[in-house]
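Visitor: What follows is a predicted protein model with its sequence.
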Amino acid sequence: MNKKNVLTIRIPEDLKERIEKTAATQGVSLNQFALYAFTRGISDIDTANFFKKRIQGKSKDSIEDGFKKVMGKVGKKDKIPIWDKL
């Protein structure tokens, strides 16, 4: 069983109002929305850090060359499916 912890934070009144409004619009409690927002934020930071580590020490040219190499393995489609057209 996960033990629940309490986190108290101080935020500007206008941000609190925006959070409450968004939570209400989404049909969730303030706590549920805050948990989602924190989780999403941490996930975004983790993803950014992952890619920073992957490209660390590599030149722009080497990154582009690697991308072109991978994309060269993707088969070309002569006909675009109807569902993929704008």
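Guide: Alright, I've got the coordinates. The model shown is predicted, which means the values in this text are computed figures rather than measured ones.

Visitor: okay, CA-based contacts and neighbour counts for the rest of this
Guide: Noted.

Visitor: residues of the helix ranked longest in the chain that come out buried?
Guide: Determined from DSSP state H, the single longest helix within the chain is helix 30-55. For helix 30-55, burial by neighbour count (16 or more other C-alpha atoms under 10 Å) applies to 30, 33.

Visitor: Which strands or helices does it pack on?
Guide: Packing partners of helix 30-55 (3 or more C-alpha pairs under 8 Å, 6 or more residues apart in numbering; DSSP states H and E): helix 13-26.

Visitor: For the helix-or-strand element of the chain with minimal mean pLDDT, give me every contacting residue.
Guide: Among the helices and strands of the chain, helix 60-72 carries the lowest confidence by mean pLDDT, DSSP states H and E, at a mean of 92. If you take C-alpha atoms under 8 Å, 6 or more residues apart in numbering as the criterion, helix 60-72 is touched by Ile55.

Visitor: With stretch 27-40 instead?
Guide: By C-alpha under 8 Å, 6+ apart, stretch 27-40 touches 19-20, 23-24.

Visitor: List just the nearest of those to Asp46.
Guide: Ile19 (22.9 Å; C-alpha to C-alpha).

Visitor: Skipping adjacent residues, who's closest to that closest one in space?
Guide: Leu30 (7.3 Å; C-alpha to C-alpha, 6 or more residues apart in numbering).

Visitor: Residue ranges in the chain under the pLDDT threshold?
Guide: For the chain, the stretches flagged by pLDDT under 70 are 1, 77.

Visitor: Repeat the analysis, applying 90 as the threshold.
Guide: The chain contains residues with pLDDT under 90 at 1-5, 71-86.

Visitor: Which residue of it lies farthest from its centroid?
Guide: Outermost residue of the chain with respect to the C-alpha centroid, by C-alpha atoms, centre = their mean, is Asp78; its distance is 32.6 Å.

Visitor: That residue in helix, strand or coil?
Guide: coil (DSSP: H, G, I helix; E, B strand; the rest coil).

Visitor: circling back to that earlier point, mind picking the one among the contacts of stretch 27-40 that's closest to Gly57?
Guide: Ile19 (39.3 Å).
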